[in-house]
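> Dropping the sequence and predicted coords here.
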There are 2 protein chains.
Amino acid sequence: MHHASDILLTLFIVFVAAQIGGEIAQRLKLPGVVGEIAAGCVIGPSVLGWITPEQVATGTPLDVLAEIGVVLLLFSVGLETRLEDLKRVGKTAFLVGVLGVLIPFGMGSLWAHSAGFDWGKSLFVAAAFVATSAGITARVLQELGALQRTESKVILGAAVIDDILAMLLLGVVVAVQGGEGFNPMSLLMVLGGAIGFIAVIGLGGARVMRWNSTWLDRPSNPQSPLLIVLALCLGLAYVSTLFGLAAIIGAFLAGMIASETRQQHTLEKQTMPLLALLTPFFFVITGSKIDLQQLANADALIMLAVVTVIAIISKLLGGFLGALSLGKRGAAIVGFGMVPRGEVGVVIASLGLAAGVFNDRIYAIIVAMSLLTAMVTPPVLAWLLRRSGSDTAETPNVSG
Amino acid sequence: MHHASDILLTLFIVFVAAQIGGEIAQRLKLPGVVGEIAAGCVIGPSVLGWITPEQVATGTPLDVLAEIGVVLLLFSVGLETRLEDLKRVGKTAFLVGVLGVLIPFGMGSLWAHSAGFDWGKSLFVAAAFVATSAGITARVLQELGALQRTESKVILGAAVIDDILAMLLLGVVVAVQGGEGFNPMSLLMVLGGAIGFIAVIGLGGARVMRWNSTWLDRPSNPQSPLLIVLALCLGLAYVSTLFGLAAIIGAFLAGMIASETRQQHTLEKQTMPLLALLTPFFFVITGSKIDLQQLANADALIMLAVVTVIAIISKLLGGFLGALSLGKRGAAIVGFGMVPRGEVGVVIASLGLAAGVFNDRIYAIIVAMSLLTAMVTPPVLAWLLRRSGSDTAETPNVSG
C-alpha cells in the first residue's frame, strides 16, 4: 500500500503548507490566499521541491483535487450572489463593474500586444487583468469592520457584476483562443451560446428555485438540499465546458441558483468546510507552478512592475469613474476596493498556461501581479476608510 | 481542456449514482450505503460500463478521492467516540465487543481454511467477517427511534470496541500477510508497535485535548479548529501506514482525539458536508469493483449463502452471549444490532483485493455478504424492538 502512503503524505504536506502560509499572511494583515499561493511556491520546484511538476500535471490526483477546489470556490461565490442583489445595488455598481472590466481589459490588451502577443493571445492575457476577487475584497472589508458602508455595498455589487463579466470574457477568450482565432462570426456564436446558456440556466434556475425549493427536502437524506446542489454544481460545471465556457462558470451559476432557495443560509454554512478542505489544494498547487527562475532577472522584474502598475491604475480608474456619484473620497474607496485580483486572475493564468497561451514567464508575472494587488489593497483601504470613518453609523472596528 | 470535462462528467455520474442508489435504498428501509454500493455495481463494468476498471485503478484520481472519503468517514466515526464513552458502557459492552470479534473471526478463519486458503490468508478473509458497521447500526437505531434504550447504548459501546479490535486485527493481518507470513516474533512486534502507536496517540492525544483545546482557536482563521484536526487526520493516516496499520486507523484515532476537544460538537457538524461530498466516492467505487460475473453460477451462490449464514450466526452468538446480563430478549436485540457489516468489512475486502489475497470471486462474495447482513438487520431489529417496546420510557417512534 505504498501508493496510499505516498499520496497521503503529499496531501498532508500540501494541506499543512496552505495553513501555515495562510496564517503567516493573515498575521501580516494580508489575505490568506496570498500565503497559500506563497506556500505552494515554497514547497514547489522553485525552493524545496517537495511537489514536482509531474505530480501536478493535467489529470493527476492533485490536479483533479485542485479543479474540485476551484469549482467549489466559485460555487460558494455564487451562493453569496442573488439576482436581487445585482438589481438592488443599481446603476453605480453596474457602472463600476463595467468600467472596471473595460478599462483594465483595454489597457491590458494594449500592453500585451505591445509586448509581442498576437491579438487573440493579447485578449487572453488581458482577461487576467480584469477580475476583481470578490472573496479578497469582502474579506478585507470585513476585517476593517466596514461591511455596512455604502461604498462597501457598491464594491460588493460591482465585484459581482465584474465577476460575471470577467467570466463571460474568459469564456469568450478561451473559445476564441481554442477555436479559429479572431473570427467575428464564431465569436458571435460563442457569445450567443454563452449568453444563452447563462441566461437560461441563471434566470430560469433562479426563477424555479424562488418559486419552490421545498422539493430539495423531499429525498430521505436529511442533507439532501446540499447533495442536490452539489450534483447541480458538478453537472453545470461539466455542461458549461460543452458551451466552450470554463467549468467555474457553471459552478458559479449553480451557486447563484442555489442562493435563491430558502435553504441558502444552511447551504452557505455547509459549503464552508468543503472550501476549507479543498480550496487550499487549488491555491497551493497554483503557487507550486510559479517558477521563480523566470523572475530572477532585471527584464522580468521590470515587466512585473509595469504589469502591476497597469493593473492597479486601470482598475482604480474604472472604479473611480464609475462611482463618482459618491463623491471623490467615496469613489477612491470604491476604486481601491476593486483593485485586488485573486482567485479568478490566477484561474485565468492557469487556464492560459494549460492552453499554451501563457509561457512560464508571463504566467509567473501575472500570478505575482495578482499577489501584489492583493497585498497593496488592505493598507490603502484601511487608511482611506479611517480618514472618512465619521460618515458611518458604526465605528469601524479596526484592530491593530 | 477535455481532461477537465471528462473528469467532471465522471465525478457527476459517480456522485449522482450514489444519491439515487442511496435514496432508493432508504425508501426500501435499507441503509443508504447499500444503495450506494449497488449504484456502483450498476454503473461499473458488470452492468452499464460507465466506470471502467482502469478509471478506478490504484493511484487514479477516483481511487484517491475514494481513499480521502474513507479516511474522512473513519475520522467522523472517531469523532463520535469518546474514551469516556468506552469506559462508561462498561463490562457488558466490552464482553459483547470481544466475543463479537472472536467468534466471527474464529468461525470465519475455520471456514476460509476449509475453503482452501492457507492460514495467513484465512485470517485476512476472517477479518472481513468481524467488523460491525457502527454507522449502519446507529442509523438503524435512529430510524427506529430507539437510540435511548439500554440495548442501544450497549450496541453502540460494543460497536466502538468492536471497531477498534477489528482495526487492530486488520492491521495485524495486513502486516502478517504483507510480511513473512505467520511469524510469531514479527507478529508480536507488529502487535506491539500497533498497540504502542494506538495507545500513545490515542491516550496521549485525548489527554492533551481534554486538558486544553483552546489553542485550536489561536490561529487567525475562524475555521482553524477544523483545519487543524483535518491536518491531524491526514497526518495520522499517513503515520499509521508507517506502523503497518491501515490509514483509516490513524484517521479514526485523529477523530477520537478531536472528540475530546470542547469544539467537538462544531467539528461534528462541519464534518458532515465533507462526508456528504466525499464518502459516496468510496462506496460507489467499491461497488464498481464487484464483478457480477463471478456470482453468476450455483457454486458461487451456495458459497455466498454459507458465508452470509456464518457471518450472521457468529455475530449474533457473540453479541447474545456477551449481553446475557440484559435478559434473553435484550441479548437478542444486542446480538442482531451487531450483525450489520458495512464500510469496514468492505474496506477489508478492498485491501484484500489490492493486496492480492482476495480473488475477484471471494471479494464479490464478501461484499455481497456485507450487503446482505446490512439488509437483514433493519426488519428483524424493528420486530424485536416493537415486541419489547413497553420497557422503555419513550415510545419508539417507528414510522411506516
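Ah, there it is.

> for the stretch 301-400 of chain A, which spans come out with low pLDDT?
A:342-344, A:375, A:389-400 (pLDDT under 70).

> let's see 90
For the stretch 301-400 of chain A, the stretches with pLDDT under 90 are A:301, A:303, A:325-326, A:340-400.

> Which residue ranges of the stretch 301-400 of chain A form helices?
A:328-337, A:343-354, A:360-387 (DSSP state H, counting those that start in this stretch).

> now the ones you listed in a markdown table, with distance to chain B?
For glycine as for every other residue, the C-beta is placed from the backbone atoms N, C-alpha and C. A markdown table is the format used below for the helices of the stretch 301-400 of chain A (distance: least, C-beta to the nearest C-beta, whole Å):
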| stretch | distance to chain B |
| --- | --- |
| helix A:328-337 | 21 |
| helix A:343-354 | 7 |
| helix A:360-387 | 13 |
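
> Columns mean neighbour count and distance to B:Gln264 on top of those, output as JSON lines?
Below are those laid out as JSON lines (neighbours: other C-beta atoms under 10 Å in any protein chain shown; distance: least, C-beta to C-beta, whole Å):
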{"stretch": "helix A:328-337", "mean neighbour count": "23", "distance to B:Gln264": "39"}
{"stretch": "helix A:343-354", "mean neighbour count": "25", "distance to B:Gln264": "32"}
{"stretch": "helix A:360-387", "mean neighbour count": "21", "distance to B:Gln264": "34"}
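
> Make CSV out of these and add distance to B:Arg387.
Formatted as CSV, the helices of the stretch 301-400 of chain A follow (distance: least, C-beta to C-beta, whole Å):
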stretch, distance to B:Arg387
helix A:328-337, 67
helix A:343-354, 59
helix A:360-387, 66
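
> out of these, which comes closest to A:Pro31?
Closest of these to A:Pro31 is helix A:360-387, at 5.4 Å (criterion: C-beta to C-beta).

> could you give the angle of the closest one to helix A:343-354?
170 degrees (axes from the mean of the first three to the mean of the last three C-alpha atoms, to 10 degrees).

> show me what contacts the closest residue to chain B within the stretch 151-300 of chain A?
Chain B sits closest to A:Ser220 of the stretch 151-300 of chain A, with a gap of 3.7 Å, by C-beta to the nearest C-beta. Going by C-beta atoms under 8 Å, 6 or more residues apart in numbering or on different chains, A:Ser220 touches B:Gly22, B:Glu23, B:Gln26, B:Arg27, B:Gly32.

> The third one is in contact with A:Pro222, isn't it?
So that's B:Gln26. No: B:Gln26 is beyond contact range of A:Pro222, at 10.5 Å (criterion: C-beta atoms under 8 Å).

> Out of the two, name the residue with the larger neighbour count.
A direct count of neighbours by other C-beta atoms under 10 Å in any protein chain shown for B:Gln26 and A:Pro222 places B:Gln26 higher, at 18 against 11.

> which non-adjacent residue is nearest A:Gly352?
A:Phe358 (3.7 Å; C-beta to C-beta, 6 or more residues apart in numbering or on different chains).

> Give me the neighbour count for that neighbour.
Neighbour count for A:Phe358, taken as other C-beta under 10 Å: 24.

> Report the separation between it and chain B.
Separation of A:Phe358 from chain B (C-beta to the nearest C-beta, to the nearest Å): 14 Å.

> and that residue, what does it touch?
By C-beta under 8 Å, 6+ apart, A:Phe358 lies in contact with A:Phe124, A:Val125, A:Ala349, A:Gly352, A:Ile366.

> and what of A:Trp111?
A:Trp111 neighbours (C-beta under 8 Å, 6+ apart): A:Ala126, A:Val306, A:Val307, A:Ile310.

> same deal with A:Ala296?
Not one residue lies near A:Ala296 by C-beta under 8 Å, 6+ apart.

> residues from the stretch 151-300 of chain A in reach of chain B?
Within the stretch 151-300 of chain A, the positions near chain B by C-beta under 8 Å from any C-beta of the partner chain are A:174, A:219-221, A:223-224, A:226-228, A:230-231, A:234-235, A:237-238, A:241-242, A:246-247, A:270-274, A:276-277.

> Buried ones among the residues you listed?
Taking 16 or more other C-beta atoms under 10 Å in any protein chain shown as the criterion, what is buried in those is A:174, A:219, A:221, A:223-224, A:226-228, A:230-231, A:234-235, A:237-238, A:241, A:246-247, A:270-271, A:273-274, A:276-277.

> So which of those residues belong to helices?
Within those, residues falling in helices by DSSP state H are A:174, A:224, A:226-228, A:230-231, A:234-235, A:237-238, A:241, A:247, A:270-271, A:273-274, A:276-277.

> Please enumerate the helices of the stretch 151-300 of chain A.
For the stretch 151-300 of chain A, the helices defined by DSSP H, counting those that start in this stretch occupy A:184-199, A:205-211, A:224-242, A:247-258, A:264-288, A:298-322.

> what's downstream of the helix or strand that contains A:Leu110, the next helix or strand?
Assessed by DSSP states H and E, A:Leu110 sits inside helix A:90-114. Next along the chain after helix A:90-114, taking DSSP H and E as the criterion, comes helix A:119-130.

> That following helix vs helix A:298-322, what angle?
Using the same axes, to 10 degrees: helix A:119-130 against helix A:298-322 is 70 degrees.

> List the buried residues of helix A:119-130.
So helix A:119-130, judged by 16+ other C-beta under 10 Å, has buried residues A:Gly120, A:Lys121, A:Ser122, A:Leu123, A:Phe124, A:Val125, A:Ala126, A:Ala127, A:Ala128, A:Phe129, A:Val130.

> Let me know whether it sits next to chain B.
No: taking C-beta under 8 Å from any C-beta as the criterion, helix A:119-130 and chain B are apart, separated by no less than 13.4 Å.

> Right, I'll call it a day here.
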